[in-house]
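Q: from the sequence below, what's the structure:
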Amino acid sequence: QQLAHRLILKDGSYQLATKYEVKGDRVRYMSAERDDWEELPSSLVDWPATNKYEKEREAGSSVPEAVQLDKELEQESEREQAQLPQVAPGLRLPEPSGVFLLDSFQGEPQIVELQQTAGDVNRNTKANIFRGALNPVAGLKQTIELEGAHAAVQSHVDVPSLYINIDATPDQPIPAKDANQTAKGPQQPQQPEQATVPFDRFRILRTEVKGNKRILGDVKRQVTGKIKQEQHAVKTTVTRIGGGWLKLTPTESLPPGEYAIVEMGSQDPILGKESMNLYIWDFGINAKAPANANPWKPDVKAQTQPDKSDKKD
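A: Predicted coordinates:
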């Protein structure tokens with residue numbers, strides 16, 4: 001990776017710039033840290049030191065300032081990572097938000113991101129998607145389908161832990177968990193717990209494979225005109241682990257097959273608050289499946305160093 005230029009200032013500090021130009025008594029530069037154009041007086045720049053650094057940089061010499069900056073950036077990255085929940089020794093959730101599955105492949109814990117499917121469904125019509133699809137004739141059913149017979153992500157364990165943190169809208173706040181059920185802290189690897197909180201914003205559904213499609217459930221208009229959704233939900237526990245994260249875990253082993261996480265409570269006036277929208281994250285259970293693509297693996301360095309935050313009560 002190409003190193004950024006350094007505008008070394010007379011006070012000993014420096015500014016990282018991907019490029020810069022001198023205009024009169026001002027220096028205009030693109031900040032490598034803030035990705036924006038900034039300016040400073042040319043008189044503040046130590047030009048001999050800046051030019052010396054540039055020459056050493058072009059010659060491939062190890063510049064002490066560059067080494068120090070790399071150390072600082074690494075420390076900052078480590079601090080940011082330390083804020084994310086630890087789900088296994090040396091393994092933390094890789095991003096501040098998303099939907100992730102904790103897997104174990106060949107004895108090694110791994111994190112795999114679940115991508116949202118049904119991408120052709122517009123976000124603004126998630127609750128309205130069923131209206132146009134419903135047949136007005138009472139008694140007829142419409143199926144809710146996913147393309148493809150198998151999900152891209154396959155869990156090699158039959159009780160996977162699923163970590164969810166997506167933006168909550170004002171009309172869909174995440175309910176607070178009972179104080180007695182609060183997890184000890186995000187630094188502790190979490191284990192499946194017995195369900196005690198009736199909280200089911202997110203559900204795991206078992207899908208039925210038919211040809212090259214997976215059937216999530218169906219929508220039926222009853223004689224009374226009421227619309228009802230039918231799915232095959234899996235019993236789960238929900239744990240709040242801090243940082244806005246929810247941990248969703250099956251209460252028992254899942255048979256091999258295809259599954260999906262769905263979000264409930266679209267608040268649709270026709271479908272009702274118990275309806276599911278089409279924010280769907282799919283996965284399968286198959287102990288014999290090949291390795292998942294691009295998983296996050298344990299940090300060997302983190303495993304050999306004690307987590308200071310774990311010492312706090």
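Q: quick check: mean pLDDT of stretch 115-134?
A: For stretch 115-134, mean pLDDT rounds to 45.
Q: meant to ask about stretch 290-304, not that
A: 81.
Q: which parts of the stretch 201-313 of the chain are strands?
A: 202-206, 208-210, 213-221, 227-231, 233-234, 236-242, 245-250, 257-264, 276-285 (DSSP state E, counting those that start in this stretch).
Q: so which of those strands is the most surrounded?
A: Comparing these by mean neighbour count (mean count of other Cβ atoms under 10 Å), strand 276-285 comes out on top with a mean of 23. Placement of C-beta: from N, CA and C, glycine included.
Q: okay, now the sheet partners of it, with direction.
A: strand 116-117 (antiparallel), strand 154-155 (parallel), strand 257-264 (antiparallel) (DSSP bridges).
Q: where does the stretch 201-313 of the chain have low pLDDT?
A: By pLDDT under 70, the low-scoring segments of the stretch 201-313 of the chain are 221-229, 265-275, 300-313.
Q: ok so, going back, now for the strands paired with strand 276-285, which one comes closest to Pro41?
A: Pro41 lies closest to strand 116-117 among these, at 48.8 Å (Cβ to Cβ).
Q: ok, and what's touching that closest one?
A: Val99, Leu146, Glu147, Ala151, Ala260, Tyr279, Ile280, Trp281, Asp282 (Cβ atoms under 8 Å, 6 or more residues apart in numbering).
Q: what does the helix or strand where the first one lies rub up against?
A: Read that as Val99. For Val99, the element it lies in under DSSP states H and E is strand 98-105. For strand 98-105, contacts defined as Cβ under 8 Å, 6+ apart pick out 87-88, 93-94, 109-114, 116, 153, 155-157, 160-166, 261, 281, 283, 291-292, 295.
Q: which phi and psi values does Glu58 adopt?
A: phi -70, psi -30 (degrees, to the nearest 10).
Q: re earlier: which of the contacts of strand 116-117 sit farthest apart?
A: For the contacts of strand 116-117, and using Cβ to Cβ, no pair is farther apart than Val99 and Glu147, which are 18.8 Å apart.
Q: tell me which of the two has more neighbours.
A: Legend: neighbour count by other Cβ atoms under 10 Å for Val99 and Glu147, higher for Val99 (20 against 10).
Q: any idea of the mean pLDDT in the helix or strand that contains Leu7?
A: Assigned by DSSP H and E, Leu7 belongs to strand 5-8. Here strand 5-8 scores 90 as its mean pLDDT.
Q: ok, then the element right after that strand?
A: strand 14-23.
Q: partner strands of the helix or strand that that following strand is followed by, parallel or antiparallel?
A: With elements assigned by DSSP H and E, the helix or strand that comes after strand 14-23 is strand 26-31. With DSSP bridges as the test, strand 26-31 is paired with strand 14-23 (antiparallel), strand 37-41 (antiparallel).
Q: tell me which of those lies nearest to Pro48.
A: Set against Pro48 and scored by Cβ to Cβ, the strands paired with strand 26-31 come closest in strand 14-23, at 13.5 Å.
Q: which parts of the closest one are buried?
A: Tyr14, Gln15, Leu16, Ala17, Tyr20 (16 or more other Cβ atoms under 10 Å).
Q: quick one, grab the pLDDT at the last one.
A: Spelled out, it's Tyr20. We have a pLDDT of 91 for Tyr20.
Q: isn't it right up against Val27?
A: Yes. The pair formed by Tyr20 and Val27 meets the contact definition of Cβ atoms under 8 Å, at 5.9 Å.
Q: joint contacts of the two?
A: Joint contacts of Tyr20 and Val27 (Cβ under 8 Å, 6+ apart) are Leu7.
Q: got a list of what the residue nearest to Ala289 when sequence neighbours are not counted touches?
A: Closest residue in space to Ala289, ignoring its immediate chain neighbours: Gln154 at 3.6 Å, by Cβ to Cβ, 6 or more residues apart in numbering. Neighbouring residues of Gln154 by Cβ under 8 Å, 6+ apart: Phe283, Gly284, Ile285, Asn286, Ala289, Pro290, Asn292.
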